[in-house]
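Undergrad: Predicted coordinates and the sequence they were generated for:
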Amino acid sequence: MVSQATMPRRGTQVNQQAKHILIVGGGYVGLYTGLRLQRSLRRELKSGSVRITVIDPQSYMTYQPFLPEAAAGNLSPRHVVTPLRRVLSKVRILNGKVTKVHHANKSVTFQPASGPSEEIAYDVVVMAAGSISRTLPIPGLADAAIGFKTVGEAIALRNRVLALFDRADSTDDEQVRRRALNFVVVGAGFAGVEALAELEDMGRDAVKYYDTLDEKDLRWVLVEASDRILPEVGPEMGKWTLDELRKRGIEVKMQTLLKSCEGGHVVLSDGDTFESATIVWTAGVKASPVVNAGDLPLDERGRIKTSTKLTVVGVTGAFSAGDVAGVPDVTNPGQYCAPNAQHAVRQAKVLADNIVRHLQGRPLVEYRHKYAGSVAGLGLHKGVANVYGVKLHGFPAWFMHRTYHLSRVPTLNRKVRVVADWTLALFFKRETVSLGEIESPRDEFKAAAATG
């Protein structure tokens, strides 16, 4: 049975004739599309002639460019996420997953966090499920490594690094110490370089509080399969970043592959082998699996085949943008828009406006955006930038990085909280304590219960 009314708000009655806009995914595209639609369609939403629903496993949107700073303790984890229900006050939020898209029938199969699945009908669907880590069949990878795409992964990584400092400082066993203090990041794009640089910066602050540890005891290794790092900032700034990381004692291994990491035993293609308790995988992303669970057309890269107007090619009433979509770049014929936040946020605005035009029977417009450039943070007061051809590094680039991303964080509430965190950091040292027990909060209680 197809449900046209998806659990209405308490005290409200759903107009069965209302046009239903269903957004699959609550990330950049989902949140910003919902925000723009609830403003553009406020009269229709108030009258009940239009309804909007967002489906996402989480109840918040993560501002991923701030994950490295959250991992390093410069920002509170709660301040890098935006609660969907608070921001999208006119939108119905459903937590769970879409397991099937039946566009021929204008419906999806929705699996909530608990309980049976149900069919939800729609008039317009927006595919904005984003991406997941792209892994390779490397022995031990699934068991020994951690990704860096979610706030949970970022905070777990922070807790792990600091807990390993505790472990190394509490033993004289050289093998245990060496394994604990070897840190590996695979992938030298934005996620990998920023995560490693911020964690190394945090590590140099934290190690001062340990009696038996010194900066020279820490080994930070960046593994990259290609011959470039941070390709988005251009060759010159990429080379500067490489030199900067190496000056800080970080080993950057170019044209090198991770061959295996079973049990934390790292084997690299250059012949280097060592033990590590921290292996971070940031070597690329791929479209969410939901793209393969339906009848929407895909391009050669496994993404939803999307037009320059952000409609799904060959069908009506379907739109897509962001990491999950293959959007042709009209400013660079033959190429696709890069899967990054800069495009996703701007695509969402055009997509929302095109949905309004679609409902009103007006012509749609193309998404056109000239790539502005890129900025990256490399720890406190350190960064690199290439924006509109202006190349910066060090403190000016770091300041630009923070200023740009602060302007992009959704809602004034979050902007103020982020600025408050940064302001406090000017006067107080960051916390360098592991709270890893929050990942297993019942262990102590179970141990107590076991003693009778």
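TA: Great, that's in hand.
Undergrad: Please state the backbone phi and psi of residue 331?
TA: phi -90, psi -10 (degrees, to the nearest 10).
Undergrad: what number of residues lie near it?
TA: The local packing of residue 331 (other CB atoms under 10 Å) involves 11 other residues. All C-beta spots, glycine's among them, are computed from the backbone N, C-alpha and C.
Undergrad: quick one: pLDDT of it?
TA: Predicted confidence (pLDDT) for residue 331: 85.
Undergrad: Not counting its neighbours along the chain, what's nearest it?
TA: residue 370 (5.3 Å; CB to CB, 6 or more residues apart in numbering).
Undergrad: Look up how far residue 401 lies from the one you found.
TA: For residue 370, the distance to residue 401 equals 20 Å [CB to CB, to the nearest Å].
Undergrad: Have a look at the two and say which one is more surrounded.
TA: Comparing residue 370 with residue 401 by other CB under 10 Å, the one with more neighbours is residue 401, at 24 against 10.
Undergrad: which stretches of the stretch 151-300 of the chain aren't confidently modelled?
TA: For the stretch 151-300 of the chain, no stretch is flagged by pLDDT under 70.
Undergrad: for it, what spans make up the strands?
TA: With DSSP state E, counting those that start in this stretch as the criterion, the stretch 151-300 of the chain has strands at 182-186, 219-223, 251-253, 258-260, 265-268, 273-275, 278-281, 285-287.
Undergrad: Any chance of these in CSV with mean neighbour count and distance to residue 320 as columns?
TA: Below are the strands of the stretch 151-300 of the chain laid out as CSV (neighbours: other CB atoms under 10 Å; distance: least, CB to CB, whole Å):
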stretch, mean neighbour count, distance to residue 320
strand 182-186, 25, 29
strand 219-223, 22, 33
strand 251-253, 17, 36
strand 258-260, 18, 32
strand 265-268, 19, 38
strand 273-275, 14, 43
strand 278-281, 24, 26
strand 285-287, 20, 10
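Undergrad: Would you reformat these as JSON lines and include distance to residue 450?
TA: Below are the strands of the stretch 151-300 of the chain laid out as JSON lines (distance: least, CB to CB, whole Å):
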{"stretch": "strand 182-186", "distance to residue 450": "34"}
{"stretch": "strand 219-223", "distance to residue 450": "38"}
{"stretch": "strand 251-253", "distance to residue 450": "44"}
{"stretch": "strand 258-260", "distance to residue 450": "37"}
{"stretch": "strand 265-268", "distance to residue 450": "33"}
{"stretch": "strand 273-275", "distance to residue 450": "32"}
{"stretch": "strand 278-281", "distance to residue 450": "30"}
{"stretch": "strand 285-287", "distance to residue 450": "42"}
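Undergrad: Name the nearest residue to residue 224, ignoring sequence neighbours.
TA: Once flanking residues are discounted, residue 224 sits nearest to residue 188: 3.7 Å by CB to CB, 6+ apart.
Undergrad: pretty sure that neighbour contacts residue 227?
TA: No: look at residue 188 against residue 227 with CB atoms under 8 Å: they stay out of range, at 10.2 Å.
Undergrad: which one of these two has more residues nearby?
TA: Remark: of residue 188 and residue 227, residue 188 carries more neighbours, 27 against 8, as counted by other CB under 10 Å.
Undergrad: Now do the SS call for residue 370.
TA: Three-state call for residue 370 (DSSP: H, G, I helix; E, B strand; the rest coil): coil.
Undergrad: Thanks a lot, see you next time.
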